[in-house]
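> Need the 3D shape of this:
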Amino acid sequence: MLSILTTLQARGQVTAPELAEACEVSVRTIYRDIDALAASGVPVYADRGAEGGYRLLDGYRVRLNGLSQSEAETLFLAGLPGPAAALGLDAAMIAAQNKLMAALPVHLRQDASRMQERFHLDAPGWFGEAEEPKHLRTIAGAVLRGTLIKIRYQSWRAEKQRRLAPLGLVLKGGSWYFAGQVDASVRTYRVARVLDCTALDDGFDRPADFDLAAYWQAATLRLEAEMHPNVAIVRLSPFGVKLLDALSQPYIKARTQLEETVDADGWRIARVPVGKTSWHAAAELLRLGPEAEVLEPADLRDKMAELTQAMAARYRAARKT
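Predicted coordinates:
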């Protein structure tokens, strides 16, 4: 509909077939959208006859001069080429930005262009690559259409078949996830683990109270809490304190309690969230090397001793050979 308005503004009187060609839609779609524009208060009129067509009321202009400088800059900052390309929308995004740039008042165009030139989003974490899941576009299409999908999914434990309603897509750390509803339950699925995906024609009723951003925040916090349900009491050297801060995930950093008291060796006591099992907890804390000593719980201290002794024995044996 914005294309219809800008075309009418630029060319004056335009026939329905000409608008359909310019907008790459059917003539029937043009008739429907013209009615919608008129119903929303846009002064668009039809002139009958061989030389007739649609036109805007004389003097009516479609302009974006109500935008502030920061608003115009933000619109272009929101156009992220990587995710758009992954969804198959890169060409559409470029076209939309070009149309938006042309519609902006002249004094805002330079600011918007500067924002594109000087800010770049690199979504994946360090030493990681952005995922390009095979079935991402199929799932994205179903999300937009509001139709069901049938998937074959590889979870941590087993391969599963699911018929579900995709409610939304999330890009986090270079990886794509989607919220899928099965019956009344909404769960998170990683797109890269979808082995097969079939888009179905059946629609579904989207929950009226479902908020994707709120769901994702709650699901993320719940997962992090489930992954780190226990607490280890750890003695840290000054360098160990720095290592813990540098290597810990944000969830762990926010919940680590570091005592102010320093012992005779300059070491401090910290209470650190750790994984479910002693093996997982030890794997996390071994990154700190000799700069950390686990004091409690006892089974974790024993696991640390077991693993470090096995490592030492292996390296001693390798040196002898």
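> where exactly do the helices run in the stretch 201-321 of the chain?
212-227, 238-247, 250-255, 278-285, 298-320 (DSSP state H, counting those that start in this stretch).
> Next, format those as JSON lines and append mean neighbour count.
In short, each C-beta sits where N, CA and C put it, glycine included. Output for the helices of the stretch 201-321 of the chain, formatted as JSON lines (neighbours: other Cβ atoms under 10 Å):
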{"stretch": "helix 212-227", "mean neighbour count": "13"}
{"stretch": "helix 238-247", "mean neighbour count": "15"}
{"stretch": "helix 250-255", "mean neighbour count": "14"}
{"stretch": "helix 278-285", "mean neighbour count": "19"}
{"stretch": "helix 298-320", "mean neighbour count": "12"}
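> Of all those, which one is nearest R193?
helix 212-227 (15.0 Å; Cβ to Cβ).
> In this structure, where's the longest strand?
Criterion DSSP state E: the longest strand present in the chain is strand 159-172.
> May I see the buried residues of that strand?
Going by neighbour count (16 or more other Cβ atoms under 10 Å), the buried part of strand 159-172 is R162, L164, A165, P166, L167, G168, L169, V170, L171.
> List just the nearest of these to E224.
Nearest member of those to E224, counting by Cβ to Cβ, is V170, at 15.1 Å.
> shouldn't that closest one be in contact with A219?
No: counting by Cβ atoms under 8 Å, V170 does not reach A219; the two are 9.2 Å apart.
> hey, which helix or strand in this structure has the poorest pLDDT?
helix 69-77 (a mean of 58; mean pLDDT, DSSP states H and E).
> Is it correct that P83 is in contact with V170?
No: counting by Cβ under 8 Å, V170 is not a contact partner of P83; they are 10.6 Å apart.
> residue boundaries of the strands in the stretch 101-250 of the chain?
147-154, 159-172, 175-182, 185-190, 194-203, 230-236 (DSSP state E, counting those that start in this stretch).
> okay, these in JSON lines with mean pLDDT and distance to M101 next?
Formatted as JSON lines, these follow (pLDDT from 0 to 100; distance: least, Cβ to Cβ, whole Å):
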{"stretch": "strand 147-154", "mean pLDDT": "96", "distance to M101": "34"}
{"stretch": "strand 159-172", "mean pLDDT": "93", "distance to M101": "25"}
{"stretch": "strand 175-182", "mean pLDDT": "94", "distance to M101": "29"}
{"stretch": "strand 185-190", "mean pLDDT": "94", "distance to M101": "36"}
{"stretch": "strand 194-203", "mean pLDDT": "95", "distance to M101": "34"}
{"stretch": "strand 230-236", "mean pLDDT": "96", "distance to M101": "53"}
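> quick one: contacts for L169?
L136, I139, A140, V143, W176, Y177, F178, V191 (Cβ atoms under 8 Å, 6 or more residues apart in numbering).
> Would you enumerate the residues in contact with A270?
I233, V234, R235, L236, V241, L244, T256, Q257, L258, E259.
> Show me which of those are buried.
Applying 16+ other Cβ under 10 Å to the contacts of A270, the neighbour count classes I233, V234, R235, L236, V241, L244, T256 as buried.
> Look up the closest residue to the third one, ignoring the ones flanking it.
Going back to what we said before, that points to R235. Of all residues not flanking R235 in the chain, E293 sits nearest, at 4.3 Å (Cβ to Cβ, 6 or more residues apart in numbering).
> So for that neighbour, what's the pLDDT?
At E293, the model reports a pLDDT of 96.
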